[in-house]
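Chemist: Predicted structure and sequence below. I'll ask about it afterward.
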Amino acid sequence: MKPLLIRNGRIIDPSRGWDGIGSILIVDGQIARIDKGNIAIPETGATVIDVPGMIVCPGLIDLHCHLREPGFEAKETIATGTRAAAKGGFTTVCCMPNTRPPIDSPATIIYIRKKANDEGLVKVLPVGCVTKGREGKELTDMEALVQAGVVAFSDDGDPVRDDDVMRQALVMSGKLGLPIIDHCEDPVGGPPEGEAKMVARDLKLAEETGGWVHIAHVSTARSVELISTARSKRVKVTAEVTPHHLTLTEEAISRAGTLAKVNPPLRSEEDRLALIRALKEKVIDVIATDHAPHTATDKQTDFAKAASGISGFETALGSLMGLVHSGDLTIHELVHRLTIAPATILGGKFGQCGTLAAGVPADITIFDPNKKWVVAPEVFVSRGKNTPLVGVTLKGKVMATIFEGKMVYKDDMIAN
């Protein structure tokens, strides 16, 4: 592999407290050197890309996405989903288990890992089911799923409704050191009170068992309050928020219709502002896309019958940069919540990511914080074109994504 030299970008690496104009040299897929000055081109030659005015940061990490394979390949495949992830700046993604068959057996995990290795562009880490068939009745063989390579457990799409089953799962999570990611809505797609009820239940059980609960796609101010209180009591809880819950409200439904239908639903402006505060105050740990691609048919129906979800990989960074330009988040807060924060939740045993330290695999995202572009779903590489941002101008665009030293996405404006 030919060496790659990235020059003249603003390097931001929250894992090392780094922020400054500099250069990164990549050799044999690893970061060989990072310097605040210019690095001489190696005698063996190197591909050089100059990125003045752009931000260079660790590859983005997504703890929550849907790649749909196996079983729903009309919506997305591991091949198309990882290409969309790369275009969005993500170098590591964790895929949820509501597939067909669900990810509740080592055989399915082996299938996903092989497909990702053969056809994927970025790292794919599977999330295993909490219960067999996602039916909420009987725990999977969680230890066997860990041996096969899962990074967490979830019945995402539905909460684990049975208190006793959730208690058993949290006990096992404490033993295995992996989180239970719960979709806290009952009923799914219901009012804010349904989310708060499930969040409160999960936090109580986590406190009683010492297990690790991760609250998926937090969407309400009340959930934030509950998580904050639990943290003060040292309950083992982490939490995530999506780009759409940070940047959109229920008013988007009047403009975008079913394209703005998600679970949990878009909430009020008060809820949105509470989520931003929670992210700044570290009550919520990470931003996760909940990338949920669907076919056109899935969305082109009555609102009540339409599928829930947004195809989010390719618009995530641009949407979130709106919060930076508005002053709601700093660029450091944003990069932190998309890199080292999710890497910390994953832990070192799943590979070194979230950092630009010398000697680690070169997973790098390069983006132009000021580049304006118009969202056009027809050019998405994801099979899912379902976004409420059709025709919206975003300010902030991924220009290149490097995974293990290989450029897996490059905008036409990047010259080398």
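Modeler: Yep, that arrived. Numbers count the residues shown, from 1 in each chain.
Chemist: Please spell out which residues along stretch 149-169 are buried.
Modeler: Neighbour-count burial for stretch 149-169 flags 150-160, 165-169 (criterion: 16 or more other Cβ atoms under 10 Å). The C-beta positions use only the backbone N, C-alpha and C, and glycine is treated the same way.
Chemist: So which of the residues you listed is the closest to Pro243?
Modeler: Minimum distance to Pro243 across the buried residues of stretch 149-169 is 17.2 Å, recorded for Asp156 (Cβ to Cβ).
Chemist: Excluding chain neighbours, what is closest to the closest one?
Modeler: In space, and not counting its chain neighbours, Asp156 is closest to Met96: 4.4 Å by Cβ to Cβ, 6 or more residues apart in numbering.
Chemist: Tell me who's in contact with the one you found.
Modeler: 64-66, 127, 154, 156-157 (Cβ atoms under 8 Å, 6 or more residues apart in numbering).
Chemist: what's the most distant pair in these?
Modeler: Cys65 and Gly157, at 13.0 Å, using Cβ to Cβ across those.
Chemist: Could you report the neighbour count for the residue lying closest to Ala306 once chain neighbours are set aside?
Modeler: Nearest non-adjacent residue to Ala306, counting by Cβ to Cβ, 6+ apart: Thr258, 3.8 Å away. Counted with other Cβ atoms under 10 Å, the neighbours of Thr258 add up to 20.
Chemist: so what pLDDT did Thr258 get?
Modeler: pLDDT recorded at Thr258 is 98.
Chemist: Dump the contacts of Met96 into CSV; add pLDDT, distance to Asp19 and secondary structure as well.
Modeler: Formatted as CSV, these follow (pLDDT from 0 to 100; distance: Cβ to Cβ, whole Å; DSSP: H, G, I helix; E, B strand; the rest coil):
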residue, pLDDT, distance to Asp19, secondary structure
His64, 98, 28, strand
Cys65, 98, 28, strand
His66, 98, 33, coil
Val127, 98, 32, coil
Ser154, 98, 34, strand
Asp156, 96, 35, coil
Gly157, 95, 39, coil
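Chemist: between those residues, which is closest to Pro191?
Modeler: Gly157 (18.4 Å).
Chemist: And stretch 113-120, how far out from the chain middle?
Modeler: 19 Å (Cα atoms, centre = their mean, to the nearest Å).
Chemist: tell me which residues in that stretch are buried?
Modeler: Under 16+ other Cβ under 10 Å, the buried positions of stretch 113-120 are 113, 115-116, 119-120.
Chemist: Tell me which helix or strand the nearest residue to Lys280 once chain neighbours are set aside sits in.
Modeler: Closest residue to Lys280 apart from its sequence neighbours, by Cβ to Cβ, 6+ apart: Glu333 at 6.2 Å. According to DSSP states H and E, Glu333 maps onto helix 331-338.
Chemist: And Leu125, by the same measure?
Modeler: Going by DSSP H and E, Leu125 is part of strand 123-126.
Chemist: Let me see the mean pLDDT of that strand.
Modeler: 98.
Chemist: elements contacting that strand?
Modeler: Here strand 123-126 touches strand 90-95, helix 106-119, going by 3 or more Cβ pairs under 8 Å, 6 or more residues apart in numbering; DSSP states H and E.
Chemist: so which of the ones you listed gets nearest Pro264?
Modeler: strand 90-95 (18.9 Å).
Chemist: could I have that closest one exported to CSV, CA atoms only?
Modeler: Extracted in CSV, the C-alpha atoms of strand 90-95 (Å, rounded to 0.1, in the frame of the first residue of the first chain):
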residue,chain,number,x,y,z
PHE,A,90,-18.1,6.8,9.4
THR,A,91,-15.3,4.2,9.7
THR,A,92,-16.9,2.0,12.3
VAL,A,93,-20.6,1.1,12.6
CYS,A,94,-22.6,-1.1,14.9
CYS,A,95,-25.5,-2.8,13.2
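Chemist: Can you tell me what sits against that strand?
Modeler: Outside strand 90-95, the residues within contact range by Cβ under 8 Å, 6+ apart are 59-67, 78, 81-82, 85, 103, 112, 122-127, 151-152, 289, 291, 313, 316, 342-343, 346, 351, 353, 363-365, 401-403, 408.
Chemist: Return the list of strands paired to it, each annotated with direction.
Modeler: Strand partners for strand 90-95, identified by DSSP bridges, are recorded as strand 60-65 (parallel), strand 123-126 (parallel).
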